[in-house]
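Q: I need the structure of the sequence given here:
(chains A and B)
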Amino acid sequence: MNRYETVFIMTPVLSAEQVAETVEKYRAFLKDNGASIGHEESWGLRKLAYPIQKKSTGFYQLMEFDIDPSVITPFETEFRRDERIIRFLTTRMDKHHAVYAESRRNKASQPKAAPENAEEA
Amino acid sequence: MADKNVRYLNPISIDTQKEKYCRFKKKGFKYIDYKDASFLLMLCNEQGKILPRRLTGTSLKFQRKVSQAIKKARHLALMPYVADNLR
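A: The predicted structure follows:
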């Protein structure tokens, strides 16, 4: 059971509930393959640094989960098959990354204290 | 030699090389995150290229982490591959 983090971008032409439905689809895919979803974040509609498929904005979604490594390839073919997803990136989280994600989450949740820029965790 | 009669108020320190240090090691960074583009933008020049170690003085270990993070950020369109006016 490794810990992974996936960020994927959805095409901006989707309506709000289509976005929610897409995210729900992948959440369900992970759940029935025995994943425990750690943390989810939606960055909403963001401007892309360069146009992808002639579109300059996209819905970003972040998912953190623990899963068996053998499930990652079918998970990614799912992304490739779905035409609503224009870009995705799955990264394995080593211990430094996990600790960092933890601290990033607390920093985001607790009120905006002094934004100390030291990122060591 | 026009500047022979130019006298400087304090000696110009061209030769005294400021001791370079790896700011990641000094601050105790453990992981460079590919998601916060604003931090990574500081590490590339105005064309969006990754700054070399000889300018930033980072250690080899962290330069690899930084370049990996920048390439992932570029893949996710958080950072441009090529830009003309980044600053």
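Q: which parts of the helix or strand where residue B:68 lies are buried?
A: Under the criterion DSSP states H and E, the helix or strand holding residue B:68 is helix B:60-75. Applying a neighbour-count criterion of 16 or more other C-beta atoms under 10 Å in any protein chain shown, the buried positions in helix B:60-75 are B:62-63, B:65-67, B:69-70, B:72-74. Glycine gets a C-beta too; all of them are placed from N, C-alpha and C.
Q: likewise stretch A:87-106?
A: A:87-89, A:93, A:97, A:100-101, A:104.
Q: just to revisit the earlier point, so which of the buried residues of helix B:60-75 are also by chain A?
A: Here is what survives when these are matched to chain A using C-beta under 8 Å from any C-beta of the partner chain: B:72, B:74.
Q: follow-up on the earlier one: so which pair among the buried residues of stretch A:87-106 is furthest apart in space?
A: The largest separation in the buried residues of stretch A:87-106, counting by C-beta to C-beta, is between A:87 and A:100 at 22.6 Å.
Q: quick one on the thing from earlier: report the distance from the helix holding residue B:68 to the chain centre.
A: 13 Å (C-alpha atoms, centre = their mean, to the nearest Å).
Q: around chain B, which positions in chain A sit nearby?
A: Proximity of chain A to chain B (C-beta under 8 Å from any C-beta) is limited to residues A:7, A:9, A:48-50, A:52, A:58, A:60, A:62, A:87, A:89, A:91, A:96-97, A:99-100, A:104, A:118-121.
Q: among these, which are in helices?
A: When the residues of chain A next to chain B are checked against helices (DSSP state H), the matches are A:96-97, A:99-100, A:104.
Q: give me the nearest residue to residue A:69, chain neighbours excluded.
A: Leaving aside its chain neighbours, residue A:69 sits nearest to residue A:2 (5.5 Å; criterion: C-beta to C-beta, 6 or more residues apart in numbering or on different chains).
Q: so what does the least confident helix or strand in chain A by mean pLDDT touch, helix or strand wise?
A: Least confident helix or strand of chain A, by mean pLDDT, DSSP states H and E, is helix A:95-109 with a mean of 85. Using 3 or more C-beta pairs under 8 Å, 6 or more residues apart in numbering or on different chains; DSSP states H and E as the contact test, the elements touching helix A:95-109 are strand A:2-10.
Q: pairing partners for the lengthiest strand in chain A, with directions?
A: Ranked by residue count and defined by DSSP state E, the top strand of chain A is strand A:36-52. In the sheet, strand A:36-52 lines up against strand A:55-67 (antiparallel) (DSSP bridges).
Q: the inter-axis angle of the next helix or strand after the partner strand versus strand A:2-10?
A: Elements were assigned by DSSP H and E; along the chain past strand A:55-67, the next helix or strand is helix A:72-81. Here helix A:72-81 points in a direction 0 degrees away from that of strand A:2-10 (axes from the mean of the first three to the mean of the last three C-alpha atoms, to 10 degrees).
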